[in-house]
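Participant: sequence below, structure please.
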Amino acid sequence: MIRQRFSVRKQAIGLACGWALVLSAYPAAAGQFPEPAAGQLPTPAAGETLTPATGQAPERDAPAETAPGETAPAETTLGTTAGLAEFVAYAVAKNPLLQSWADRHTASTEVAAQVSALPDPMLSYGFFARTPETRVGPQENVVGLSQKLPFPGKLSLRGQIARKDAEVWERTYEERLLDLVHDVSRSYYDYYRVFHVIRVTEEEKDVIRRMQDVAQVRYASGIVTQQDVLKAQLSLSALEDKLTTLRRDLKSVSARLNHYLDRVPDAPLAQPRLEPRVLGGEDIDALYARARDDRPELAAAGVNIEKAQAARALARREYYPDLTLSVNYTFVDERPLALLEDNGKDVLQLKAAINLPIWLGKRRARVREAEANIAMARNRRAGLRTKIASEVQDTYSRVTAAHELVRLYDGVIIPQAQQTFLASEAGYQTGKVDFLNYLDSQRMLLSLRQTRITLVADLGRQHVDLERALGAGLDQFSNRR
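Facilitator: Residues are numbered from 1 along each chain as shown. The predicted structure follows:
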């Protein structure tokens with residue numbers, strides 16, 4: 001009777017193990033999918049989530065909490081007037097596309113922990129539909145546990161590849177950051193050009209009105225004909241027509257700039273404030289060296305080489321087998337008549353197994369693929385070096401030429417045009433210069449002032465292109481260095 005009870009107990013234990021295995025593997029069948037309580041959703045630790053501005057930031061859906069005694073960070077805003085630095089900082093803080101690249105990098109940092117971990121152990125349960133009879137009794141249930149152990153070095157190499165991939169995504173994020181700064185800066189100078197051309201044109205309208213008043217007085221005095229007054233009025237109408245076109249252009253460039261700032265197209269913008277751009281004293285060789293050190297594309301190319309080399313090492317490790325260790329416990333029922341001393345004794349089995357890497361063709365192909373990827377990464381880095389050197393040379397030449405033009409306009413052309421206009425104005429008032437020459441000198445001055453604004457904006461754009469070619473500015477927005 002005692003043996004029968006013990007046999008039943010072993011059967012119950014075996015069945016319980018089997019049902020526990022089923023329920024643990026399929027929690028949905030038992031309605032056991034856990035649901036986090038409200039307010040207890042998992043959140044990343046501080047510094048785990050990248051943001052565009054610093055590389056680390058909280059979720060976008062809710063503001064970060066401020067600890068007692070601490071001051072909340074100031075919101076990035078634009079005042080009534082703003083320079084390029086303020087516009088760029090606002091775009092970096094607000095642009096959702098840049099945030100998506102930061103999130104992509106954050107996601108990539110979580111891959112290494114996954115691929116470098118051991119596979120999950122396997123828990124198995126077997127129930128004999130037809131019980132096999134053995135010398136010590138019938139076998140009833142089998143519970144097994146197994147663990148696969150990859151060949152030493154495989155998991156660490158997979159983790160190394162994943163970490164290199166995350167580093168590539170970090171460099172990609174920095175590249176997109178520089179692209180955003182470049183796009184915002186060029187749009188800012190377009191906005192600056194149109195805004196200040198409108199301002200200068202409005203100022204010239206006041207000058208034309210003053211010229212019209214002078215012509216009206218001289219016409220009332222019978223000194224000149226009404227034609228001078230009509231010419232002044234026609235010039236005013238032409239300026240108004242040009243202002244209409246300029247205001248339309250201002251809406252267009254404002255919408256493009258608002259796009260980078262993640263604002264509605266017609267959102268009002270601060271008045272652009274231009275900081276002088278001064279050409280540095282570095283020679284072209286020093287600029288080449290800066291670009292080689294700072295361009296994230298070159299850094300990513302170097303990391304891709306290291307990643308491909310790690311992939312080749314992993315491919316070579318695939319020639320070696322993996323080990324699987326397992327333990328099986330078999331429940332054996334007792335016979336009614338205890339004829340043997342081992343009657344009803346359970347069976348414990350320890351087992352080791354390896355895979356046989358005998359299909360060498362696919363492993364050789366994997367090694368050749370990795371070597372080809374190494375060659376591709378090296379050639380890409382060599383091509384990038386040549387391309388970047390060409391970009392630095394081109395943008396440096398254009399910046400130098402733009403500097404010379406602005407210096408020429410500020411030092412020679414604009415002062416001469418102002419003197420010519422003042423002389424024409426004095427000559428017209430004394431009757432020595434006719435109104436047409438007086439008006440032409442004003443038109444020339446207006447055209448040159450507008451051209452100077454365009455040249456200043458173009459100088460800014462050329463500076464932006466040079467900074468992008470150098471990879472300059474990353475230290476302002478990311479914690480890379």
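Participant: could you list the low-pLDDT ranges of the stretch 101-250 of the chain?
Facilitator: Counting by pLDDT under 70, the stretch 101-250 of the chain contains low-confidence residues at 135.
Participant: okay, strands next: where are they in it?
Facilitator: For the stretch 101-250 of the chain, applying DSSP state E, counting those that start in this stretch gives strands covering 122-127, 133-134, 137-149.
Participant: all helices in the stretch 201-350 of the chain, in order from the N-terminus.
Facilitator: With helices called from DSSP state H, counting those that start in this stretch, the stretch 201-350 of the chain shows them at 226-260, 284-294, 296-317.
Participant: would you agree V115 is in contact with G159?
Facilitator: Yes. Shown here, V115 and G159 form a contact pair, counting by C-beta atoms under 8 Å, at 6.1 Å. Where you see a C-beta, it was placed from the backbone N, CA and C, and this is true even at glycine.
Participant: rewinding a little: possible to save the strands of the stretch 101-250 of the chain as a markdown table with distance to R335 and mean neighbour count?
Facilitator: Shown next, in a markdown table, are the strands of the stretch 101-250 of the chain (distance: least, C-beta to C-beta, whole Å; neighbours: other C-beta atoms under 10 Å):
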| stretch | distance to R335 | mean neighbour count |
| --- | --- | --- |
| strand 122-127 | 20 | 14 |
| strand 133-134 | 9 | 12 |
| strand 137-149 | 5 | 18 |
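Participant: dig out what M122 forms beta bridges with.
Facilitator: Judged by DSSP bridges, the bridge partners of M122 are S146.
Participant: so who does N343 touch?
Facilitator: N343 is in contact with 136-137, 334-335, counting by C-beta atoms under 8 Å, 6 or more residues apart in numbering.
Participant: picking that back up, buried deepest among the helices of the stretch 201-350 of the chain, which one?
Facilitator: Greatest average neighbour count among the helices of the stretch 201-350 of the chain goes to helix 296-317 (a mean of 20), per mean count of other C-beta atoms under 10 Å.
Participant: packing partners of that one?
Facilitator: When contacts are defined as 3 or more C-beta pairs under 8 Å, 6 or more residues apart in numbering; DSSP states H and E, helix 296-317 sits against helix 154-220, helix 360-408.
Participant: point out the most buried one among these.
Facilitator: Mean neighbour count (mean count of other C-beta under 10 Å) peaks for helix 154-220 among the helices and strands packed on helix 296-317, with a mean of 19.
Participant: re the thing from before, possible to save the helices of the stretch 201-350 of the chain as JSON lines with distance to E170?
Facilitator: Below are the helices of the stretch 201-350 of the chain laid out as JSON lines (distance: least, C-beta to C-beta, whole Å):
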{"stretch": "helix 226-260", "distance to E170": "22"}
{"stretch": "helix 284-294", "distance to E170": "14"}
{"stretch": "helix 296-317", "distance to E170": "8"}
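Participant: nearest to H463, of these?
Facilitator: Counting by C-beta to C-beta, H463 lies closest to helix 284-294 out of these; the figure is 12.7 Å.
Participant: tell me what angle the closest one forms with helix 296-317.
Facilitator: Put simply, helix 284-294 runs at 50 degrees to helix 296-317, going by axes from the mean of the first three to the mean of the last three C-alpha atoms, to 10 degrees.
Participant: where's stretch 383-401 relative to the chain centroid, distance-wise?
Facilitator: Taking C-alpha atoms, centre = their mean, to the nearest Å, one finds stretch 383-401 lying 24 Å from the centre of the chain it belongs to.
Participant: run through who's touching it.
Facilitator: By C-beta under 8 Å, 6+ apart, stretch 383-401 touches 279, 284, 287-288, 291-292, 295, 297-298, 301, 459, 462-463, 465-466, 468-470.
Participant: could you redo the last one with a cut-off of 6 Å?
Facilitator: Here stretch 383-401 makes contact (C-beta atoms under 6 Å, 6 or more residues apart in numbering) with 287-288, 291, 295, 297-298, 301, 462-463, 465-466, 469.
Participant: right, and S124 touches G144 too?
Facilitator: Yes. Between S124 and G144 there is a contact at 4.1 Å, judged by C-beta atoms under 6 Å.
Participant: follow-up on the earlier one: turn the helices and strands packed on helix 296-317 into CSV, including distance to K307.
Facilitator: Listed next are these as CSV, based on distance: least, C-beta to C-beta, whole Å:
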stretch, distance to K307
helix 154-220, 4
helix 360-408, 8
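Participant: mind checking these for the one nearest to G83?
Facilitator: When the helices and strands packed on helix 296-317 are compared by C-beta to C-beta, helix 154-220 sits nearest G83, at 8.7 Å.
Participant: and that closest one with helix 296-317, angle?
Facilitator: Angle of helix 154-220 versus helix 296-317, following the same axes, to 10 degrees, is 160 degrees.
Participant: in contact with V197: list those residues for me.
Facilitator: Counting by C-beta under 6 Å, 6+ apart, V197 touches 246, 450, 453.
Participant: gap between it and L269?
Facilitator: Relative to L269, V197 is positioned 16 Å away (C-beta to C-beta, to the nearest Å).
Participant: got it, and V92?
Facilitator: As judged by C-beta to C-beta, V92 and L269 stand 17 Å apart.
Participant: what's the answer for V412, then?
Facilitator: Counting by C-beta to C-beta, the gap from V412 to L269 is 34 Å.
Participant: try A255
Facilitator: Distance, A255 to L269, using C-beta to C-beta: 10 Å.
Participant: likewise M444?
Facilitator: Per C-beta to C-beta, M444 is found 31 Å from L269.
Participant: those two - which one has more neighbours?
Facilitator: Set M444 next to L269 and count neighbours by other C-beta atoms under 10 Å: L269 wins out with 20 against 15.
Participant: and the closest residue in space to the more buried one that isn't next to it in sequence, how far is that from S187?
Facilitator: In this structure, L269 finds its nearest non-sequential neighbour in S254, 5.5 Å apart by C-beta to C-beta, 6 or more residues apart in numbering. Taking C-beta to C-beta as the measure, S254 falls 9 Å from S187.
Participant: ok, F127 next?
Facilitator: 71 Å.
Participant: and R317, by the same measure?
Facilitator: From R317 to S187 the distance is 50 Å (C-beta to C-beta).
Participant: residues in contact with Y319?
Facilitator: Per C-beta under 6 Å, 6+ apart, neighbours of Y319: 357, 363.
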